[in-house]
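Novice: quick one: sequence and predicted model below, then my questions.
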Amino acid sequence: MSFFTNQFFIGFCINFILISIFCRIPLMTKNGWISAGILGTILWGCLSWQGWISIVIYLLLGSLVTKIGYKFKKERGIEEKRGGKRGPENVWGSAATGLFFAMMTKLNVANLVFFKIGFAASFSAKLADTFGSEIGKRFGGKTYLITSFKKVERGTEGGISLEGTLASFLGAIFMSFVMFSLSIISNKYQFIIVSISGFLATISESIIGAKFQNKYKLSNEIVNAMQTSIASVFAIFSFILYLYFLNQNY
């Protein structure tokens with residue numbers, strides 16, 4: 001059995017065992033757990049245990065922050081559906097971009113650093129979005145539409161609050177730190193680029209939500225995929241610029 005095949009086999013076994021044990025915990029629906037198992041197997045095969053554990057951390061944090069003030073949000077009709085359980089659409093909407101970059105690392109078509117930065121930025125953006133949305137809906141004070149700054153109700157697509165924005169920034173930094181700690185990104189410049197990209201992509205997601213989501217009937221999962229793609233592209237482009245200016249100084 002080749003190393004490539006062996007890594008996927010190990011990933012499958014670990015995910016199968018762990019999901020069999022923990023599937024009764026109300027973090028995901030049945031199909032959500034199946035999707036998480038497929039995602040985890042591919043990530044382990046592509047980025048080994050580091051890629052896998054980074055997304056386990058993301059899923060746990062995203063699920064837990066959704067539970068914060070859930071009763072309060074439910075009373076106001078702005079809670080996540082299914083009691084906050086993640087379904088397959090949530091898994092793939094959040095992870096599709098990152099999964100693409102993880103799979104690209106196996107093709108060796110370019111510098112692997114670019115793909116890893118794209119991977120890290122996509123999840124930095126997604127955790128930033130989850131932190132901002134869930135904490136903002138519970139603890140946000142005045143909420144304004146990002147495109148006009150008109151005051152709107154909590155939970156409005158494109159609505160932002162100071163508390164939610166700060167939470168988004170912390171979410172981006174925290175997920176970037178996870179990626180740095182696991183050596184998916186490797187230095188402080190990559191950490192800064194991934195953090196800023198994740199946060200700015202979350203701002204762009206609010207703009208998309210305000211101007212285009214209802215107009216074009218975009219699902220939350222489509223918007224999530226757009227947001228994570230923006231984060232990855234911005235991070236990779238920023239890193240290329242960083243390398244260019246670095247070389248200009250030598």
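Specialist: Now that the structure is in, tell me what you want to look at.

Novice: model confidence for the closest residue to residue 157 other than its chain neighbours, exactly?
Specialist: Spatial nearest neighbour of residue 157, excluding adjacent residues (CB to CB, 6 or more residues apart in numbering): residue 209 at 3.9 Å. Any C-beta I mention is one placed from the backbone N, CA and C, and that applies to glycine too. We have a pLDDT of 90 for residue 209.

Novice: check which residues of stretch 148-163 are buried.
Specialist: Of all the residues in stretch 148-163, those buried under the rule 16 or more other CB atoms under 10 Å are 152, 154-161, 163.

Novice: right, and residue 69 touches residue 139 too?
Specialist: Yes - with contact defined as CB atoms under 8 Å, residue 69 counts as touching residue 139 (7.3 Å).

Novice: which parts of this structure are strands?
Specialist: With strands called from DSSP state E, the chain shows them at 143-145, 151-152, 159-160.

Novice: who's in contact with the residue lying closest to residue 207 once chain neighbours are set aside?
Specialist: Counting by CB to CB, 6+ apart, residue 207 lies nearest to residue 146, which is 5.8 Å off, once chain neighbours are set aside. Going by CB atoms under 8 Å, 6 or more residues apart in numbering, residue 146 touches 158-160, 203, 206-207, 210.

Novice: same check, this time on residue 135
Specialist: Residues near residue 135 by CB under 8 Å, 6+ apart: 65, 68, 163-164, 167.

Novice: what about the residue nearest to residue 93 when sequence neighbours are not counted, how many residues close to it?
Specialist: Spatial nearest neighbour of residue 93, chain neighbours left out: residue 221 (3.0 Å); criterion: CB to CB, 6+ apart. The number of residues packed near residue 221 is 17, by other CB atoms under 10 Å.

Novice: was I right to think residue 221 contacts residue 88?
Specialist: No - contact between residue 221 and residue 88 fails when scored by CB under 8 Å: they sit 9.6 Å apart.

Novice: which strands and helices sit next to the lowest-mean-pLDDT helix or strand in the chain?
Specialist: When the helices and strands of the chain are compared on mean pLDDT, DSSP states H and E, helix 70-75 comes out lowest with a mean of 73. Taking 3 or more CB pairs under 8 Å, 6 or more residues apart in numbering; DSSP states H and E as contact, the helices and strands that helix 70-75 lies on are helix 112-139.

Novice: how far does the helix it packs on sit from its chain's centre?
Specialist: 4 Å (CA atoms, centre = their mean, to the nearest Å).

Novice: buried ones in that helix?
Specialist: 113-139.

Novice: quick revisit: need the contacts of residue 146 in TSV (columns: distance to residue 13).
Specialist: Formatted as TSV, these follow (distance: CB to CB, whole Å):
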residue	distance to residue 13
158	43
159	44
160	43
203	40
206	41
207	43
210	45
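
Novice: for residue 142, see how far away the residue nearest to residue 133 when sequence neighbours are not counted is.
Specialist: Distances taken as CB to CB, 6+ apart place residue 164 nearest to residue 133, at 6.8 Å, with adjacent residues excluded. Distance of residue 164 to residue 142, computed by CB to CB, to the nearest Å: 11 Å.

Novice: kindly report the same for residue 199.
Specialist: Residue 199 is 21 Å from residue 142, where distance means CB to CB.

Novice: which one of those two has more residues nearby?
Specialist: Neighbour comparison, residue 199 and residue 142: the larger count goes to residue 199, with 24 against 11 (by other CB under 10 Å).

Novice: next one, pLDDT for the more buried one please.
Specialist: Listed pLDDT for residue 199 reads 97.

Novice: correct me, but it touches residue 167?
Specialist: No - taking contacts as CB under 8 Å, residue 199 lies outside contact range of residue 167: 10.8 Å.

Novice: tally of neighbours for residue 243?
Specialist: Neighbour tally, residue 243, other CB under 10 Å: 14.
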